[in-house]
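Trainee: Just to be clear, the model below is a prediction. Sequence and coordinates:
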Amino acid sequence: MKKTLIALTLGTATAALAAPALAEYPTRPIQMLIPYGPGGATDLSARALATALTPIVPQPVVVSNRAGAGGTTGSVAVRDADADGYTLLFARVGSHTVNPAMNPNLPFNIDEFSYLGIYEINPVACVVNSNSGITSIDDLIAKVNDNPGTVLFSSAGVGTLPHFGALMVLDAYGITDLAENVIHIPTEGDGQALTAVLQGTSDFYCGSTSPAAPFVQSGQMVPLLVTSAERIDGFDAPTVDELGKPELQALVGWTGIAGPAGLSDEVTERWGEWLSAAAQDESFMNFMTSGGSVVQVMSPEESVTFINDAYEVFRRLVIELDLEID
Amino acid sequence: MTFMEALAAGFTLVAQWESIAFLALGVTIGVIAGAIPGMSATMAVALTLPFTFALQPIFGILLLLGVYKGGIFGGSIPAILIKTPGTPASSATALDGYPMAEQGRAGEALSMSLYASCIADFISNIALILFAAWLASFALNFGPPEMFTLIVFSLTIIAGVSGDSLVKGIIAATLGLLLATIGLDFIGGTERFTFGSVDMRGGLNFVAVLIGLFALPEIIAYIRNPEAKKHRVRGMGYSRLKWPDFRRSLKSIFRGSAIGVFLGAIPGIGAAPSAFLSYSEARRASPQRENFGKGEVEGVAAAEAGNNGVAGATLIPLLSLGIPGDVITAIIIGAFMVHNLTPGPLLFVNNADIVYALFIGLIASSFLLLIVGAVAIRAFRYIADIPSDLLFPGVLVLCIFGVYAINNSIFDVAVMLVMGVVGYIMLLLRFPAAPFLIAFILGPMLENSFRQALLMSRGNLEIFVRGPITILFWCLTILSVVMIIRATMRAARLKREAARSASRVAAEPKA
Amino acid sequence: MLSRRDEILVGLGVTLLAALTLWWLIPAYVVIPRRVPIKALSPAFWPMVIGWVMLICGLAVVIRAAMAPPPPDAIADDLRVSRPEAMRMGALAVLLIAGFYSLRTVGMVWTSMVLFVALVFLTGSKHRVLGVVAAILLPLALYFFFTKVAGVAIPQGRIVRLP
């Protein structure tokens, strides 16, 4: 009995060893890390994409969470993995643009990754409680100017998109000395940050449209602006172009796929094909657009340019406005 | 649509055999996932979500709710059988459930846990249907200052689970609070006690800490002295719950359900504080107070009632305000959005049939849980029959796999092993583990809500007495502190007298 | 219950730990941001409060142990470790440390098998054959469950990979 079992185990093991080593990528399951916890915007987007990829990718795509420190832990885990295309990361605006721009002590750099492609863009919206009496961005700015140091905004944590987004919008409207004039209340996620607005704990929130969509649709919150080029269905708010602040268009969220630096061209090409094919999947598109996201597959080069441009804009502002975390 | 029409429409939606089938499937997946350490209800719901995209909205949502409900009960199975709670909430169940399993009463503990879960779940669902609007307004008034006072009050639970020395309980709690501060600072984003490690930036994982603290010391103690357990009769999880035991626990079950409903309605608290609060309230009110922590069936009932009482109530802020009360409900929001349903006040107007179908489905889920749970208990209780010399190595392997699976992190495995050693030392030096754990869970909530409140008021402490809710919790805190002091003084007096008479007895033969 | 001497030592140990936290760990390992609007919002505030409570409780344990009547020797716990016990615990420590470091290189499944078998023999179990069978089956079952059903990539190691 014992011997048969050992023989059986050894048998399977050798079979596994004997798999062809030089076959085309991928020859084994691809592990994809989500640097945030289950249930967050990144997690849902990643799982939806993985489901759409299942019929397209010849090997299983294993999606797993590696949360911690605002996306840092998971990102570092992938950076340190072998650059063989079997360990990849769902990179997000927070982990790969805002946090690196605001935090000089981060244990990784954005150029330590190969980017296989951005597949989703989320515009940013600023929302306030509908009981607040504020109906336009000008009202909000007037309120900040009239009551310096009392207006509060909530975010999903230090160094997240809503943290930076609110400050960037206020700066575009000429509010100076941000550390003194507004108060930042970090929370543990977009859901909690929006709850704070609903409770009156916080006055406004400027973050991705997807978590805010239900509140806007039900009339509990009023959107003041959206950073997309065109108006978004269900968000009755002017775009930043209409408001005359086109520079705020740089303030958008994105999700993409990245790997350790030095991925082979073969891996890059395959992923380009797979992402384009996944973007045709109907239920994936439905899921993404239901939250106000735009599915837009970028090539690796476009993605790198996009990420670097966003980083430059954010980094310049961080230095100008003295927003560094240290 | 009038109320009756909506109700009828909802009923037709649920009364299809597929609805019940998906609900039952969900409960089954949930119970199995919950019973495997490392597979939390959250993970099971996240894994199931993509499969619901292709289903009709009501089927998909019922499937997810089934997984959620099943997962919360499932967590109590390993907590009782192998002292390996899969979720923070089921660690309260382990306090009395595992001693019962050690005494060969695993079957009794599991049945009690199931009945308490189902009753609390049912009450929670009824509360959702009847009081949703009222509890939602309560949730809206619950900002950081209210949260802070609630957590301060909850910390007084520590006195109830400290065993024979309150001071040592407080020391264990401070250790838990201190370890909870590891990671990036919540307000400033700077590093605290990370010692330059990237993994430490994210803090220590809950489940890794709690499995290390609970399950590993048992394994270490067994390896140290295998003979002590080898001869102990553990086996046979066939012991049955007796009716008088069930009846006397009913009060605790109802109290625990009520606590669960209130705490569940408040976004961001979760099931663990509720389970512990319910447990300590049951202990305080019980005539068998001394037996708590040593295998008291009422303790299992109270912990599970507090735990499951949250399950229906977290849907209150979700359905009435669109706010996710915890991570699981955040995922369920995703399922709503895929089908173009907007959770929140509009849902009752636009999709009343779905809402009522959901309500009816929820009630059905309590009964399905009873059936699926009974089958699961029958299947899992054989674990109680495994001889110790195979059980403990198996538990260790299970813990390694499970803890790794939570976050795909080898670092978490290291945390578990180190916490196992810490837990064993605490066991030897007579430091109770439960206060450590409660403090570790509540610590971040306490600190964060304190600092958020001070940010809101710009340093003005008056914010902590800003409304009736805060004042209520302050009064409750003072009341329980006074009661703790009185109980401690009484216990100290009794102990002194006992020691005096013992030393007299010891002195006599010599004389 | 611990003997008076052990209890006093425990109290002193806690006091020492608290003192280390307050005067070494917090100053050295809590980074204070440039801007702290209110003192209570500093990241060091809570650790300080916790440290002080711990310090006071540690001293309270010492004082109580010194003042209260000591428990009779019959009730007091014996903290001594016998020789075979120490050897088994030492072996466990070595196994766990070695096992932990081989998780990534050898793989979780193979490591678990070895760990399981070693523990079965370490405790002098009489179910040796059953132990070895379980040691092979359990990690394999867990591996297939976690990778195939739950979608968790269990570390495979660099030597022998499973499908």
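Mentor: Now that the structure is in, tell me what you want to look at.
Trainee: Quick check: beta-bridge partners of A:P260?
Mentor: Counting by DSSP bridges, A:P260 is bridged to A:F113.
Trainee: and it, how many neighbours?
Mentor: Other residues near A:P260 come to 19 when the count uses other CB atoms under 10 Å in any protein chain shown. Placement of C-beta: from N, CA and C, glycine included.
Trainee: At the contact with chain C, which residues of the stretch 301-450 of chain B appear?
Mentor: B:387, B:389-390, B:392-394, B:396-398, B:400-401, B:404-405, B:408, B:410, B:413-414, B:417, B:428-430, B:447, B:450 (CB under 8 Å from any CB of the partner chain).
Trainee: Mark which of these are part of helices, please.
Mentor: B:389-390, B:392-394, B:396-398, B:400-401, B:404-405, B:410, B:413-414, B:417, B:428, B:447, B:450 (DSSP state H).
Trainee: Just confirm yes or no for stretch A:140-149 near chain C.
Mentor: No - in terms of CB under 8 Å from any CB, no part of stretch A:140-149 sits within range of chain C; the closest distance is 9.8 Å.
Trainee: Could you list the low-confidence segments of chain B?
Mentor: B:1-2, B:229-238, B:499, B:502-511 (pLDDT under 70).
Trainee: which helix of it spans the most residues?
Mentor: For chain B, the helix that runs over the most residues, judged by DSSP H, is helix B:468-510.
Trainee: For A:V182, list the residues it contacts.
Mentor: A:144, A:149, A:151-153, A:166-167, A:170, A:175 (CB atoms under 8 Å, 6 or more residues apart in numbering or on different chains).
Trainee: let's see it at 10 Å
Mentor: Contact partners of A:V182, counting by CB atoms under 10 Å, 6 or more residues apart in numbering or on different chains, are A:144, A:147-153, A:166-167, A:170, A:175, A:203-204.
Trainee: and those residues, which are buried?
Mentor: The neighbour count (16 or more other CB atoms under 10 Å in any protein chain shown) marks A:144, A:151-153, A:166-167, A:170, A:175, A:203-204 as buried among those.
Trainee: ok, and the closest non-adjacent residue to the residue in the stretch 401-511 of chain B that chain A sits nearest to?
Mentor: In the stretch 401-511 of chain B, the residue that lies nearest chain A is B:N408 (4.5 Å; CB to the nearest CB). Leaving aside its chain neighbours, B:N408 sits nearest to A:S64 (4.5 Å; criterion: CB to CB, 6 or more residues apart in numbering or on different chains).
Trainee: same deal with B:G160?
Mentor: Nearest to B:G160 is B:S280, by CB to CB, 6+ apart, at 3.8 Å.
Trainee: hang on, the earlier thing: go back to the ones in helices among the residues of the stretch 301-450 of chain B next to chain C and keep what's next to chain A.
Mentor: With CB under 10 Å from any CB of the partner chain as the criterion, those include B:405, B:410 near chain A.
Trainee: Just the buried subset of the ones in helices among the residues of the stretch 301-450 of chain B next to chain C, please.
Mentor: For these, buried by 16+ other CB under 10 Å: B:389-390, B:392-394, B:396-398, B:400-401, B:404-405, B:410, B:413-414, B:417, B:428, B:447, B:450.
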